[in-house]
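Enquirer: any chance you could fold what I've pasted below:
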Amino acid sequence: MHSNAHIHQWDDDLYLISLPVPIPGFDGFIGAWLYCADPVVLIDAGPASASPHLFSALAELGVDRLDMILLTHIHIDHAGGVGLLSDQFPGAAVVCHPKGIHHLIDPERLWQGSLKTLGELAEAYGPIAPVPAKRLLGSDQLTHDRIVAIETPGHAAHHCSYFAQGTLFAGEACGVSLPVGDSVYLRPATPPRFFLETSLNSLDKLLRLHPHQICYGHVGRRANAMECMAAHRDQLIRWKEMIHPFQKNAGVDRPAAIRACADYLVKTDPLLKAFGQLPADVQGRERNFLNNSIMGYWGYLESMS
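Expert: Next up, the predicted model:
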């Protein structure tokens, strides 16, 4: 048992480091995975504002070196702290999708875009420090025999997942999975610019790996990886059918139609049945994310009509 409440040990070589940010409902929602096999890697760095918690946890675990820092994508809740982390471990290669490299060398555009999109949430996450170009490695150049990078666009065009000896670090390619008592709450993480077929193709790539466990970016590990991924694949297809009537009949009050659609999904989707057991502040957070995901489908359905 670790004195640091932010450290959760899953296996002898697998830890989830929870990264708190000062936002209602976000406690326990953001984390970094530490995989202490060979090589020693950290999957995602979290936001910059949580870096002190991350450094403290790594020190408590006796981590004095990282071989690689693997980024699933460069959204600032996953990669905002990578510049600070890279300075702490300058010998670690920072691996990300090739499309993300220039944003990490010069993060100003990424930061301004995050401020525009997220507003106060971005400010709570904190600004992004750059990563020296010599420390960066495109995921397409990763050639380690025990860790494989898989391009999994969908949640983001620059999304990668990582497969390490039966363990899948999925980022948000397989949705968001929250433990709720004896149940699991699972939802899509579809962005406003969403393409269903792209996400399904990425899931199919991951299913072909047959992982025995899956580690979610948000949040935790599931031992029944194939079952979780298959359920999420079905959910993505189901949401298209469930959202379509609301999109088609929205009329002029689109925000009201999206809210009504979210209410319907919460009541009807079997993978959201644990929503009512979530704390009130987490429900508020999830409502916002559900609305965002619905808007992703909305634009996708509009593009098909």
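
Enquirer: ok, and what's touching stretch 205-214?
Expert: 150, 152, 161, 163, 166-168, 170, 173-174, 221-223, 225-226, 228-230, 233 (Cβ atoms under 8 Å, 6 or more residues apart in numbering). C-beta coordinates here come from the backbone N, C-alpha and C atoms, glycine included.

Enquirer: now do the strands in the stretch 151-300 of the chain.
Expert: Along the stretch 151-300 of the chain, the stretches classed as strands by DSSP state E, counting those that start in this stretch are 160-164, 167-171, 176-180, 183-187, 213-216, 220-222.

Enquirer: highest mean neighbour count out of the ones you listed?
Expert: strand 167-171 (a mean of 28; mean count of other Cβ atoms under 10 Å).

Enquirer: quick one: buried residues of the host helix or strand of H53?
Expert: Element membership for H53 (DSSP states H and E) is helix 51-60. With burial defined by 16 or more other Cβ atoms under 10 Å, the residues of helix 51-60 counted as buried are S51, H53, L54, F55, A57, L58.

Enquirer: return the residues in contact with the first one.
Expert: What it means is S51. A45, G81, L84, L85.

Enquirer: one more pass at 6 Å, please.
Expert: G81, L84 (Cβ atoms under 6 Å, 6 or more residues apart in numbering).

Enquirer: for D140, see how far away it is.
Expert: S51 is 28 Å from D140, where distance means Cβ to Cβ, to the nearest Å.

Enquirer: can you give me the helices for the chain?
Expert: Counting by DSSP state H, the chain has helices at residues 51-60, 76-79, 82-88, 101-105, 108-118, 120-125, 196-207, 225-248, 254-268, 280-304.

Enquirer: figure out which of these is closest to G181.
Expert: Taking Cβ to Cβ, helix 280-304 is the member of the helices of the chain nearest to G181, at 13.1 Å.

Enquirer: and the closest one, what does it pack onto?
Expert: Applying 3 or more Cβ pairs under 6 Å, 6 or more residues apart in numbering; DSSP states H and E, one finds that helix 280-304 contacts helix 225-248, helix 254-268.

Enquirer: tell me what angle the shortest one forms with helix 225-248.
Expert: To tie it back to what came earlier, the one meant is helix 254-268. Interaxial angle of helix 254-268 relative to helix 225-248 (axes from the mean of the first three to the mean of the last three Cα atoms, to 10 degrees): 140 degrees.

Enquirer: so which bits of helix 254-268 are buried?
Expert: Quick answer for helix 254-268 (16+ other Cβ under 10 Å): A257, I258, R259, C261, A262, L265, V266.

Enquirer: closest one of the buried residues of helix 51-60 to K116?
Expert: S51 (23.1 Å).

Enquirer: ok, residues contacting stretch 226-242?
Expert: C174, G175, P188, S199, L203, L207, I214, R222, L271.

Enquirer: surely C215 touches R221?
Expert: Yes. Counting by Cβ atoms under 6 Å, C215 does reach R221; the two are 5.1 Å apart.

Enquirer: ok, residues contacting stretch 136-143?
Expert: Looking at stretch 136-143 with Cβ under 6 Å, 6+ apart, the contacting residues turn out to be A93, V94, V95, H97, P98, I101, A149, C160.

Enquirer: before we move on, the earlier item: just put the buried residues of helix 254-268 in JSON lines and tack on pLDDT and distance to I23.
Expert: Converted to JSON lines, the buried residues of helix 254-268 look like this (pLDDT from 0 to 100; distance: Cβ to Cβ, whole Å):
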{"residue": "A257", "pLDDT": "93", "distance to I23": "27"}
{"residue": "I258", "pLDDT": "93", "distance to I23": "22"}
{"residue": "R259", "pLDDT": "93", "distance to I23": "22"}
{"residue": "C261", "pLDDT": "96", "distance to I23": "25"}
{"residue": "A262", "pLDDT": "96", "distance to I23": "20"}
{"residue": "L265", "pLDDT": "97", "distance to I23": "23"}
{"residue": "V266", "pLDDT": "96", "distance to I23": "22"}
